[in-house]
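Undergrad: pasting the sequence and the predicted coordinates here, then a few questions.
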Amino acid sequence: MTTEQPGRADAERDTDTDDEAMIRSVVDAFFGAFVSGPGCAARMTELRELFVPRAVVVRTCGLEPSVMTVEEFIAPREALLTGESLTDFREWLVAGRTEVFGDIAHWFGSYAKAGLQDGVPFTGRGMKSIQLIRTAEGWRISAAAWDDERDGLTLPAASVRR
């Protein structure tokens, strides 16, 4: 026999749904920052605000992992997105899932990117792992890591929406 209070399960589900919606808005803003062209400086400022101080960002992509601070991650991407060699670039979320426990959360999913590099079209896909924590300001990213498709490594079918 359960001693759960009436309505408690519904309240917990509502909180989970609210948290997942807030986390999704952080994840959407993260991906939405990576667009070349006008408004980039404002998007980069907003991107910086999505992270907690001293957050860690890691790129693997078949190379020696590169562990970066938020600024080490953002500054070169801002230069690329505002420069002349990378144009018509954007990155977007394809599919993902969120898990929440108390004040910690994890988003894991696939993404895609496309643009022109020195006038040559390119596309790419990969997976990102984003860890978040609840702060007084709301959900913020405490760590992010990604890996891209390459020879011998492709996205699992379940990670690609059709």
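TA: Great, that's in hand. Numbers count the residues shown, from 1 in each chain.
Undergrad: residue 144 is in contact with residue 130, isn't it?
TA: Yes: at 4.8 Å, residue 144 counts as touching residue 130 under the criterion of Cβ atoms under 8 Å. (Glycine included, C-beta is placed from N, CA and C.)
Undergrad: what do those two both touch?
TA: Taking Cβ atoms under 8 Å, 6 or more residues apart in numbering as the criterion, residue 144 and residue 130 both touch residue 30.
Undergrad: the helices in the chain, which residues?
TA: Ranges of helices in the chain, per DSSP state H, are 8-32, 40-49, 70-82.
Undergrad: which stretches in the protein count as strands?
TA: Assigned by DSSP state E, the chain shows strands spanning 51-59, 66-68, 86-101, 104-117, 120-135, 138-148.
Undergrad: got these as TSV, with distance to residue 20, mean pLDDT and mean neighbour count columns?
TA: Shown next, in TSV, are the strands of the chain (distance: least, Cβ to Cβ, whole Å; pLDDT from 0 to 100; neighbours: other Cβ atoms under 10 Å):
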stretch	distance to residue 20	mean pLDDT	mean neighbour count
strand 51-59	19	97	16
strand 66-68	27	98	14
strand 86-101	5	96	15
strand 104-117	8	97	18
strand 120-135	11	98	16
strand 138-148	10	98	18
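Undergrad: do you know which of those lies nearest residue 19?
TA: Taking Cβ to Cβ, strand 86-101 is the member of the strands of the chain nearest to residue 19, at 5.0 Å.
Undergrad: can you put the strands of the chain in JSON lines and add distance to residue 158?
TA: Output for those, formatted as JSON lines (distance: least, Cβ to Cβ, whole Å):
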{"stretch": "strand 51-59", "distance to residue 158": "23"}
{"stretch": "strand 66-68", "distance to residue 158": "28"}
{"stretch": "strand 86-101", "distance to residue 158": "8"}
{"stretch": "strand 104-117", "distance to residue 158": "9"}
{"stretch": "strand 120-135", "distance to residue 158": "11"}
{"stretch": "strand 138-148", "distance to residue 158": "16"}
